[in-house]
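Asks: Sequence first, predicted coordinates after that:
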Amino acid sequence: MTSASLSIAPREDQIWPTLTAAQIERVAKHGRRRSVKEGDVLIEAGQEEFPLFVVIEGEIAVERPTCDGPPQAVVTYGPGAFSGEVNMLAGRRPIATIRATAQGEVIEVPRNELLALVQTDAELSEIIMRAFILRRALLVEKGLGDVLVLGSEYSPRTLEIREFLARNAHPATYIDLDRDPAAQEILDHFHVSADQIPLVICRRVHLLRDPTNAELADCLGLNQAIDVDERHIRDVVIIGAGPAGLGAPVYAASEGLDVLLIEANAPGGQAGSSMRIENYLGFPSGITGQELATRAFTQAEKFGAELVVAKTAVHLECDQRPYVVAIDDGTRVTARTIVIATGAQYRSLPIENLSRFNGAGVYYLATPMEAQLCKDEKVMIVGGGNSAGQAAVYLAAKTRGVVMLVRKGELATSMSRYLVRRIEESPNIEVRPLCEVIALEGSNHLERIRWRNSESGSESVEEIRHLFVMTGAVPATKWVDGCVALDERGFIKTGPDLTREDLDAASWPLSRAPYLLETSRPNIFAIGDVRGGNIKRVASAVGEGSIAIAFVHQVLRD
Ligand SMILES: Cc1cc2nc3c(=O)[nH]c(=O)nc-3n(C[C@H](O)[C@H](O)[C@H](O)COP(=O)(O)OP(=O)(O)OC[C@H]3O[C@@H](n4cnc5c(N)ncnc54)[C@H](O)[C@@H]3O)c2cc1C
């Protein structure tokens, strides 16, 4: 196997492993041997579901279609090597073409057999899953995908599209209208003008002008293999793919349940925006929320769980059984049990024109994408909790300096000690306690921020072009209001927190009390940050996902 265009010294043998003769024999039981001749196209980029190939003899080459030139060689596999990456597990379209470059023989393993193989053969599962995940990470890092985004840093929607792709771990090439000389060529090639950005060119041929996330997901085939027919009654439907919602299907699918996970945006939830989670068990040097989410949904898909993205649950029909979840695209899904894991949504600031600067100077995430936009500039962060602290530490290393506006008198009241210490020791983080933003100024982009000291009443203004709003979140429970009992802050009440009045109001029909994590409706569970009394941590969210599935088994047996 030779790598034609990628140089990846570390972990190369894990990304492109060679199977032993004994391992190949075990793979062969799940596929069929076939001979190939030079030039045969084994997989065409963008085709429906695709198989894995193990090379027995000869060579097969992977090439990526580009929208502005000939295909780009990615990698060539020789004897013992195997093709594939994570799209294969979920039944999504391949992003590259595979062609035989020499006469030989391969083993072709269809997707259902590949799933059976990785679920039953621990040794091969480790080799294949690790290679798939590392290959995907490499494609994302190098921007080697089947999608090109042409936009501008002054266009908020460009940032949202890039974030949606990144959080779905979908590799994409980005061309900036103002900085990249190739931009005009692409505009000319597709006969479009610059005022139509952001443009997305999907699989080389489909041009989308300022697409919604749902249109993008459709074009890339992110949801294509999923059956959302109302007549298909699932064992469990999970709403929300943050850590809680991602934990649940890993347990549900691995224990044989028919499970569908519905996500409004992309997997990861709030944790997906964390640049370093340092307190999650098993990752002593920390892990980015994005990486944790990608590993989690790949793990869920390995066990056969289905995940749809860019679909929002808008209503839960809970007066009937099986329950029905109405989705914003008009489809409805039916299930015997429901797990609500919709977490919390970012809180905004009470400033009249704030939404005008969303993505054009005002951000709710601090990921590499935002950091790139603020490179060498000063930034301001509003908030005094852990998410604000993490953002400050991260941005301090990526920007000219960070000003933190904190409403309270000191950080220690709301932030973990290790973060407080890092902030105190960081020379380019300046904390301004008892301060709040009062106005934002600018034309197309944020230019100045005004704030007030609540103790002295004095006002200040500074030329700062980037404001990160990290002021916590409110529960995402509007869509279940009237269906399950909520506490006074809008979080879902479960198990022992439910009162007799809550149960009477929901006409609780059973002689038993609700199980731990069960809501005021039988067989509907709530987990993670959306649940009243939950500990707002990744570990507790994931743990609740696993506990809820134990109760799902219980109620399905009852
Ligand atoms: C920046 C940041 C850093 C953090 N760092 C840490 C850390 O280091 N360690 C730690 O333990 N915790 C950390 N946390 C807290 C942790 O991320 C949360 O406790 C955890 O993400 C909660 O998980 P969840 O799945 O319950 O909810 P969420 O993460 O909020 O996920 C909910 C998901 O549901 C989706 N959703 C919402 N409504 C709908 C709907 N109607 N239909 C479909 N989908 C919907 C959302 O899009 C989202 O993806 C951090 C939080 C933030 C914001």
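Replies: Nice, thanks for sending it over. Since this is a predicted model, take the numbers as computed values, not measurements. Numbering: from 1, shown residues only.
Asks: Give the next helix or strand downstream of the helix or strand of the chain with the lowest mean pLDDT.
Replies: Of all helical and strand segments in the chain, the minimum by mean pLDDT, DSSP states H and E falls on strand 344-346, at a mean of 85. Scanning forward in sequence from strand 344-346 by DSSP states H and E, the next helix or strand is strand 362-363.
Asks: Count the neighbours of whatever residue of the stretch 401-550 of the chain ends up closest to the ligand for me.
Replies: The minimum distance from the stretch 401-550 of the chain to the ligand, using Cβ to the nearest ligand atom, falls at residue 528 (2.1 Å). Any C-beta I mention is one placed from the backbone N, CA and C, and that applies to glycine too. Using other Cβ atoms under 10 Å, residue 528 has 35 other residues around it.
Asks: For the chain, which residues are neighbours of the ligand?
Replies: 239-245, 262-265, 269-271, 273-274, 277, 279, 312-313, 341-344, 386-387, 390, 476, 479, 528-530, 536-539, 541 (Cβ under 6 Å from any ligand atom).
Asks: What is the helix or strand harbouring residue 175 packed up against?
Replies: Using DSSP H and E, residue 175 falls within strand 173-176. In this structure, strand 173-176 makes packing contacts with strand 147-151, helix 182-189, judged by 3 or more Cβ pairs under 8 Å, 6 or more residues apart in numbering; DSSP states H and E.
Asks: same question for the helix or strand just after the first one, mean pLDDT?
Replies: With elements assigned by DSSP H and E, the helix or strand that comes after strand 147-151 is helix 156-167. Across helix 156-167, the average pLDDT comes to 91.
Asks: contacting residues around helix 156-167?
Replies: Helix 156-167 is contacted from outside by 140, 145, 147, 149, 151-153, 171-172, 174, 197-198, 200, 210-211, 213, 216, 265-268, 272, 290, 293, 310, 358-360, 365, 367, 369-370, 373, using Cβ atoms under 8 Å, 6 or more residues apart in numbering.
Asks: Can you pull the phi/psi pair for the most centrally placed residue in the chain?
Replies: Central residue of the chain (Cα atoms, centre = their mean): residue 267, 2.9 Å from the mean position. Phi and psi for residue 267, reported as degrees, to the nearest 10, are phi -60, psi 150.
Asks: show me what contacts it?
Replies: Residues near residue 267 by Cβ under 8 Å, 6+ apart: 167, 168, 241, 246, 293, 294, 296, 297, 307, 309.
Asks: Just give me the neighbour total for the closest residue to the last one other than its chain neighbours.
Replies: Right, the one you point to is residue 309. Nearest residue to residue 309 in three dimensions, chain neighbours excluded: residue 263, at 4.9 Å (Cβ to Cβ, 6 or more residues apart in numbering). Residue 263: 27 surrounding residues under other Cβ under 10 Å.
Asks: any idea of the pLDDT on residue 263?
Replies: The model reports residue 263 with a pLDDT of 97.
Asks: Residue 6 now?
Replies: pLDDT for residue 6: 49.
Asks: Do I have it right that residue 375 meets residue 395?
Replies: No: assessed by Cβ atoms under 8 Å, residue 375 is found out of contact with residue 395, at 10.3 Å.
Asks: Those two: who's more crowded?
Replies: Neighbours were counted for residue 375 and for residue 395 using other Cβ under 10 Å; residue 395 has more, 26 against 9.
Asks: Would you mind listing the residues in contact with the more buried one?
Replies: Residue 395 makes contact with 366, 371, 374, 379, 381, 402, 468, according to Cβ under 8 Å, 6+ apart.
Asks: So which of the residues you listed are in strands?
Replies: Within these, residues falling in strands by DSSP state E are 379, 381, 402, 468.
Asks: of all these, which two lie farthest apart?
Replies: 402 and 468 (8.7 Å; Cβ to Cβ).
Asks: any shared contact partners between these two?
Replies: Shared contacts of residue 402 and residue 468, counting by Cβ under 8 Å, 6+ apart, come down to 379, 380, 381, 395.
Asks: The first one reaches residue 404, doesn't it?
Replies: In this case it means residue 379. No: the pair residue 379 / residue 404 is not scored as a contact, 9.8 Å apart, by Cβ under 8 Å.
Asks: Flag the shaky bits of the stretch 151-300 of the chain, pLDDT-wise.
Replies: For the stretch 151-300 of the chain, the stretches with pLDDT under 70 are 225.
Asks: Helices of that one, start to end?
Replies: 156-167, 182-189, 213-220, 243-254, 289-302 (DSSP state H, counting those that start in this stretch).
Asks: Quick one: end-to-end distance for stretch 217-231.
Replies: End-to-end span of stretch 217-231 (Cα to Cα, to the nearest Å): 24 Å.
Asks: Around the residue lying closest to residue 246 once chain neighbours are set aside, count how many other residues there are.
Replies: Nearest non-adjacent residue to residue 246, counting by Cβ to Cβ, 6+ apart: residue 296, 4.0 Å away. Using other Cβ under 10 Å, residue 296 is surrounded by 23 other residues.
Asks: What of residue 332?
Replies: Residues near residue 332, counting by other Cβ under 10 Å: 13.
Asks: can you redo the ones in strands among the contacts of residue 395 as CSV with pLDDT and distance to residue 352?
Replies: Formatted as CSV, the ones in strands among the contacts of residue 395 follow (pLDDT from 0 to 100; distance: Cβ to Cβ, whole Å):
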residue, pLDDT, distance to residue 352
379, 97, 22
381, 97, 21
402, 97, 25
468, 96, 19
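Asks: ok, those residues vs residue 335, which is closest?
Replies: Distance to residue 335 across these (Cβ to Cβ) is lowest for residue 468, with 37.9 Å.
Asks: Quick check: the closest one vs residue 399, distance?
Replies: 10 Å (Cβ to Cβ, to the nearest Å).
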